[in-house]
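[1] Mind looking at a prediction? Sequence and model below.
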Amino acid sequence: MTDATELDLLREIRDNQREALRLQQEHIDLYQRHLERAERINARAEALQQRAGKALRFILVVAIPLVVLLLALMLWPYLSALIR
């Protein structure tokens, strides 16, 4: 091979390596964007779970005892009539 042909091949190899590096960097950037998006989605999901947990605690502490009390008050006349 002549020096010109070898030099052209070396330039082509260099250009292909540069292109490969550029594509790798694009993939890394895309991966970073996806990772950041996943982190944002996870943070929102955690916030929703915390809100749901607070609502569930409210229901367990306040609403269920009130429902039980209302049922007891509704059944009281029937139970007292059965006992007499």
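    Cool, the structure landed. Residues are numbered from 1 along each chain as shown.
[2] Run a quick neighbour tally on P77.
    Using other C-beta atoms under 10 Å, P77 has 9 other residues around it. (Each C-beta comes from the backbone N, C-alpha and C, glycine too.)
[3] go on, the one 3 residues further on?
    As a burial measure, the neighbour count of S80 was computed by other C-beta under 10 Å and equals 9.
[4] From the chain's centroid, how far away is the lowest-mean-pLDDT helix or strand in the chain?
    Lowest by mean pLDDT, DSSP states H and E among the helices and strands of the chain is helix 64-83, with a mean of 89. From the chain centre to the centre of helix 64-83 is a distance of 45 Å (C-alpha atoms, centre = their mean, to the nearest Å).
[5] do the same with stretch 46-65
    The answer for stretch 46-65 is 20 Å, by C-alpha atoms, centre = their mean.
[6] can I have it written out in CSV, keeping just the CAs?
    The C-alpha coordinates for stretch 46-65 follow below in CSV (Å, rounded to 0.1, in the frame of the first residue of the first chain):
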residue,chain,number,x,y,z
GLU,A,46,-43.4,8.5,47.3
ALA,A,47,-45.2,11.8,48.0
LEU,A,48,-48.5,10.2,46.9
GLN,A,49,-47.9,7.2,49.1
GLN,A,50,-47.3,9.5,52.1
ARG,A,51,-50.5,11.3,51.4
ALA,A,52,-52.4,8.0,51.1
GLY,A,53,-50.8,6.8,54.4
LYS,A,54,-52.0,10.0,56.2
ALA,A,55,-55.5,9.6,54.8
LEU,A,56,-55.6,5.9,55.9
ARG,A,57,-54.5,6.9,59.4
PHE,A,58,-57.2,9.5,59.5
ILE,A,59,-59.8,6.9,58.5
LEU,A,60,-58.5,4.4,61.0
VAL,A,61,-58.4,6.8,63.9
VAL,A,62,-61.5,9.0,63.2
ALA,A,63,-63.9,7.5,60.7
ILE,A,64,-64.1,3.9,61.8
PRO,A,65,-64.8,4.7,65.5
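[7] No more questions from me, cheers.
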